[in-house]
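Asker: got a sequence here, can you build the structure:
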Amino acid sequence: MKRREAREQAFLLVFEQGITGESIDASIDAAGMSRDVIVDDFAEHLAKGVEAHCSEVDEVISRYTRGWQFQRLSRVAVAALRLAIYEIRYEKDIPGSVSINEAVELAKKYGSAEDAPFVNGVLASVMKEEKEAGE
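Answerer: I've put the predicted structure just below:
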């Protein structure tokens, strides 16, 4: 499985968790039992990383979405942001530009017309902060 496909699988796991509140492990188990889906190792790694760092990642989202109540954000946008921010902050071998591009593409595919520009704007601000912190 290509990384893009694995990332999409991770996005779907994170999205599902945002709706059901179940653990990533429970979602993976359910996918395997009910749909005969094999979850890619990279997808599982990313989804579990998001789960492990969700409170920190959500804090970053809240910081860059001032004026928006977290509960009012699109679930697609939240899942895409969670995945990309996790990658930017904790997966140093993945270029931030790749994380942003993939998140925007996922928002285009699964979200509304407003989701992709919103995700892009938030992630551009996150990347700017990361670059400034790294200097």
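Asker: where does pLDDT dip in the chain?
Answerer: 32-36, 134-135 (pLDDT under 70).
Asker: now do the contacts for the residue nearest the centre of the chain.
Answerer: By Cα atoms, centre = their mean, the chain has its centre lying nearest to Leu83, at 1.9 Å. By Cβ atoms under 8 Å, 6 or more residues apart in numbering, the contact list for Leu83 reads 7, 10-11, 14, 46, 50, 99, 103, 106. Placement of C-beta: from N, CA and C, glycine included.
Asker: can you pick the most crowded of these?
Answerer: Taking other Cβ atoms under 10 Å as the neighbour criterion, Ala10 ranks highest of the contacts of Leu83 with 30 neighbours.
Asker: one step back: out of the contacts of Leu83, list just those in helices.
Answerer: Counting by DSSP state H, the contacts of Leu83 place 7, 10-11, 14, 46, 50, 99, 103, 106 in helices.
Asker: out of these, flag the one nearest to Ile28.
Answerer: Ala10 (10.7 Å; Cβ to Cβ).
Asker: the closest one reaches Ala43, doesn't it?
Answerer: Yes - proximity of Ala10 to Ala43 meets the contact threshold set by Cβ atoms under 8 Å, at 4.2 Å.
Asker: quick revisit: need the contacts of Leu83 in CSV (columns: distance to Glu59).
Answerer: Below are these laid out as CSV (distance: Cβ to Cβ, whole Å):
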residue, distance to Glu59
Arg7, 23
Ala10, 20
Phe11, 20
Val14, 16
Leu46, 19
Val50, 13
Ser99, 18
Ala103, 18
Leu106, 22
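Asker: of all those residues, which comes closest to Val76?
Answerer: Nearest to Val76, judged by Cβ to Cβ, of these is Leu106 at 7.6 Å.
Asker: residues in contact with that closest one?
Answerer: 7-8, 11, 76, 79-80, 83.
Asker: let's go with 7 Å and repeat that
Answerer: Going by Cβ atoms under 7 Å, 6 or more residues apart in numbering, Leu106 touches 8, 11, 80.
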